[in-house]
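Chemist: I need the structure of the sequence given here:
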Amino acid sequence: MTRKMVILLLLSFMPGLIVAKQKYAVIIGINDYQNPAIEDLRYSVADARYLRESLTRFARFQEQNVHLLLDDQATFNNIKKEIYWLGQVAKPEDVVFFYFSGHGTRVTDSDRNEEDGLDEAFCPYGTDLEDESTVIVDDEIGHWFRRIEAKEVVVVLDCCHSGGAAGRSLEDDGGRGLNMVHSGARGAANREADPYSFDLSLEDKIVICGSAADQQSYEDNKLKHGIFTYYLCEGIRGNADYNQDQDITTGELYNYTNTKTLDFARSLQKKQTPEKFGTLDDAVVVELNKQMADLVLFDKDLHEVMLNVGGNRVKNGDKYMIRKSYQSLARDLTIGDKEIFVAEVYKVEANQSSAKIIQEFFPGLNISSSSLPDYYAERLNYGTISVYTQPWSTVFLDGKEIGPTPLVLRDVSEGEHQLEFRLVFDGYPGKVQKKIVVEANKTVRVAEKFAQK
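Modeler: Numbers count the residues shown, from 1 in each chain. Predicted coordinates for the structure are as follows:
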């Protein structure tokens with residue numbers, strides 16, 4: 001029996017262990033192009049790095065699941081490999097995020113499936129202005145994306161002409177785009193007649209573009225970013241939560257980014273209109289009440305930890321659950337979590353917080369500093385359970401004895417829990433189990449009247 005089979009067999013006997021939804025991202029940013037004839041951009045790399053930080057710190061993407069290609073790393077072949085990687089690792093229940101920031105262009109439509117006779121295209125690092133085969137047309141990248149089985153795919157494009165389903169300018173006006181059209185355009189063709197004649201398919205996807213098909217996507221020296229990506233990241237970091245329900249959907253993210261980009265571009269006497277396509281408006285991008293924070297420091301007795309979360313994202317008294325990830329040999333993903341301890345924040349600084357250990361599940365556990373990346377922290381949100389039974393019973397919460405009823409349980413973490421009532425009276429069932437769901441800052445009232453056998 002192989003090691004992989006042994007691990008899978010062991011996992012099958014672990015009660016309550018389910019495959020967790022994973023999040024995978026490929027982020028591409030190109031400032032410096034290989035061809036000296038192509039004017040370099042200023043902030044595409046900064047955009048890519050800012051987005052990676054936003055996704056890992058605010059949208060709970062694990063760092064090992066976010067692949068970053070910058071400048072000369074972003075070749076035609078490497079971009080293709082990364083999209084193929086997404087197809088290999090992402091399962092239907094997972095989330096995929098793809099982002100491109102760099103030059104965009106339009107080239108002659110070779111398969112006659114475009115109404116305007118032009119294909120929108122990405123410009124990888126090795127783009128040659130005289131060779132249209134060195135760019136990645138929307139039809140082509142759409143074909144690569146067909147390999148991805150995930151039912152939630154977010155595609156974000158910050159480059160010129162991106163509203164055409166791919167799509168920054170060589171003009172010295174802060175735009176991002178190239179002109180590679182050298183011949184006349186052809187008319188539209190019947191897309192259904194040729195299965196390879198399609199742009200980026202919108203099935204199970206939302207495509208958010210930095211600009212319309214006939215527009216440029218601008219950079220700004222004050223923001224030190226592309227306008228669109230700057231506000232995209234600000235939205236991910238919490239500003240896009242329009243209805244204040246602690247969840248940011250793709251629809252909310254687009255509406256925030258669109259409004260802010262339009263207004264900022266207008267203040268520069270420019271026009272940049274983000275667009276979106278697809279049917280995933282309600283897909284949740286960010287869960288603000290479940291932000292992750294890495295475990296970055298601890299003392300040898302586990303009395304104190306330091307979290308890489310601070311500023312206005314955390315306050316004194318917030319509690320974090322420190323967990324250990326299980327890793328599968330089959331693919332690099334978290335398939336379950338082991339709770340290690342709970343830490344309560346007592347000191348908040350700009351970018352980090354200090355927290356004291358208030359509950360240990362494995363007292364005296366020795367954590368090696370070399371394995372710190374395997375541990376992470378998730379902020380806990382608490383509710384209350386009020387329990388009354390007739391006749392009285394002893395209550396167990398998730399297998400732990402709490403005491404006799406009636407009672408009130410405070411600081412119960414949100415989520416699903418198992419209550420068990422044990423009775424000592426003749427004629428009544430020995431124990432009764434009940435599942436409940438606790439919501440943050442709310443009270444669950446449980447009243448049970450047990451019948452005699």
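Chemist: tell me the contacts of F421?
Modeler: For F421, the contacting residues are T389, S393, T394, V395, F396, T405, K431, V432, Q433, K434, E448, F450, by Cβ atoms under 8 Å, 6 or more residues apart in numbering. C-betas here are computed from N, CA, C, even on glycine.
Chemist: equivalent analysis for T384, please.
Modeler: Taking Cβ under 8 Å, 6+ apart, one finds V408, L409, R410, D411, V412, V438, K442, T443, V444 in contact with T384.
Chemist: any idea which helix or strand comes after the strand or helix carrying it?
Modeler: Using DSSP states H and E, T384 sits in strand 382-390. For strand 382-390, the following helix or strand on the C-terminal side (DSSP H and E) is strand 394-397.
Chemist: would you mark the buried spots in the helix or strand that that following strand is followed by?
Modeler: Tracing the chain C-terminally past strand 394-397 and defining elements by DSSP H and E, one meets strand 400-404 next. Within strand 400-404, the residues that count as buried by 16 or more other Cβ atoms under 10 Å are I402.
Chemist: can you give me the end-to-end distance of stretch 107-120?
Modeler: Terminal residues of stretch 107-120 are spaced 7 Å apart (Cα to Cα, to the nearest Å).
Chemist: buried residues, the top helix by length along the chain. List them.
Modeler: Taking DSSP state H as the criterion, the chain has its longest helix at helix 250-267. Judged by neighbour count (16+ other Cβ under 10 Å), helix 250-267 contains these buried residues: 250-258, 260-262, 264-265.
Chemist: and for stretch 442-453?
Modeler: Those would be V444, V446, F450, for stretch 442-453 by 16+ other Cβ under 10 Å.
Chemist: need the helices for this structure, in chain order.
Modeler: Assigned by DSSP H, the helices in the chain fall at 3-12, 44-58, 76-89, 138-145, 227-234, 250-267.
Chemist: tabulate those (CSV), appending distance to Q64 and mean pLDDT.
Modeler: Below are these laid out as CSV (distance: least, Cβ to Cβ, whole Å; pLDDT from 0 to 100):
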stretch, distance to Q64, mean pLDDT
helix 3-12, 18, 32
helix 44-58, 10, 91
helix 76-89, 11, 95
helix 138-145, 22, 83
helix 227-234, 21, 94
helix 250-267, 24, 94
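Chemist: so what's L419 bridging to?
Modeler: L397, K434 (DSSP bridges).
Chemist: how about the contacts made by it?
Modeler: L419 touches I385, V387, V395, F396, L397, Q433, K434, K435, I436, V446, counting by Cβ under 8 Å, 6+ apart.
Chemist: and it, how far is that from A377?
Modeler: Using Cβ to Cβ, to the nearest Å, L419 is found at 27 Å from A377.
Chemist: out of the buried residues of helix 250-267, who's nearest Q216?
Modeler: A265 (9.6 Å; Cβ to Cβ).
Chemist: tell me, how many residues neighbour the closest residue in space to that closest one that isn't next to it in sequence?
Modeler: Nearest in space to A265, with sequence neighbours left out and distances taken as Cβ to Cβ, 6 or more residues apart in numbering, is Q272 at 4.0 Å. Q272: 23 surrounding residues under other Cβ atoms under 10 Å.
Chemist: so what's Q272 up against?
Modeler: Here Q272 is in contact with G210, S211, Q215, Q216, S217, Y218, I227, F228, T261, L262, A265 (Cβ under 8 Å, 6+ apart).
Chemist: which parts of the strand holding T384 are buried?
Modeler: Neighbour count says strand 382-390 has G383, T384, I385, V387, T389 buried, by 16+ other Cβ under 10 Å.
Chemist: again with stretch 82-90
Modeler: The neighbour-count check on stretch 82-90 (16+ other Cβ under 10 Å) flags E82, I83, L86, G87, V89, A90 as buried.
Chemist: neighbouring contacts of that stretch?
Modeler: Residues outside stretch 82-90 that contact it (Cβ under 8 Å, 6+ apart) are 22, 24, 26, 28, 65, 67, 69, 96, 98, 141, 144-145, 147-150, 331-333.
Chemist: and the strands in the stretch 51-200 of the chain?
Modeler: 66-70, 95-101, 104-108, 118-122, 136-137, 152-158, 178-179 (DSSP state E, counting those that start in this stretch).
Chemist: partner strands of the first one and their direction?
Modeler: Right, the one you point to is strand 66-70. Strand 66-70 is paired, per DSSP bridges, with strand 23-29 (parallel).
Chemist: average pLDDT across the strand it pairs with?
Modeler: What strand 23-29 shows for mean pLDDT is 96.
Chemist: where does the stretch 51-200 of the chain dip in pLDDT?
Modeler: 108-119, 160-200 (pLDDT under 70).
Chemist: kindly recompute the last result at 50.
Modeler: 111-117, 163-199 (pLDDT under 50).
Chemist: what about the nearest residue in space to E149 that is not next to it in sequence, distance to H143?
Modeler: In space, E149 comes closest to P92 once its chain neighbours are excluded; the distance is 5.0 Å by Cβ to Cβ, 6+ apart. With distances taken as Cβ to Cβ, P92 is found 20 Å from H143.
Chemist: of these two, give the one with the bigger neighbour count.
Modeler: When neighbours are counted by other Cβ under 10 Å, P92 and H143 differ, and H143 comes out ahead with 17 against 10.
Chemist: figure out the length between the terminal residues of stretch 135-154.
Modeler: 22 Å.
Chemist: buried residues, it. List them.
Modeler: Residues of stretch 135-154 classed as buried by neighbour count (16+ other Cβ under 10 Å): 135-145, 148-154.
Chemist: same question, stretch 40-47
Modeler: Buried, per 16+ other Cβ under 10 Å, within stretch 40-47: L41, R42, Y43, S44, V45, A46, D47.
Chemist: again with stretch 225-238
Modeler: Applying 16+ other Cβ under 10 Å to stretch 225-238 flags 225-238 as buried.
Chemist: gap between that stretch and the chain center?
Modeler: Computed by Cα atoms, centre = their mean, to the nearest Å, the chain-centroid distance of stretch 225-238 equals 14 Å.
Chemist: wait, N78 touches H67, no?
Modeler: No - if you go by Cβ atoms under 8 Å, N78 and H67 don't touch, sitting 9.6 Å apart.
Chemist: counting neighbours, what do you get for V296?
Modeler: 14.
Chemist: actually, D245.
Modeler: 12.
Chemist: repeat for G210
Modeler: Neighbour count for G210, taken as other Cβ under 10 Å: 34.
Chemist: and it, what does it touch?
Modeler: G210 neighbours (Cβ under 8 Å, 6+ apart): 156-159, 162, 167, 217, 226, 228-229, 261, 272, 274.
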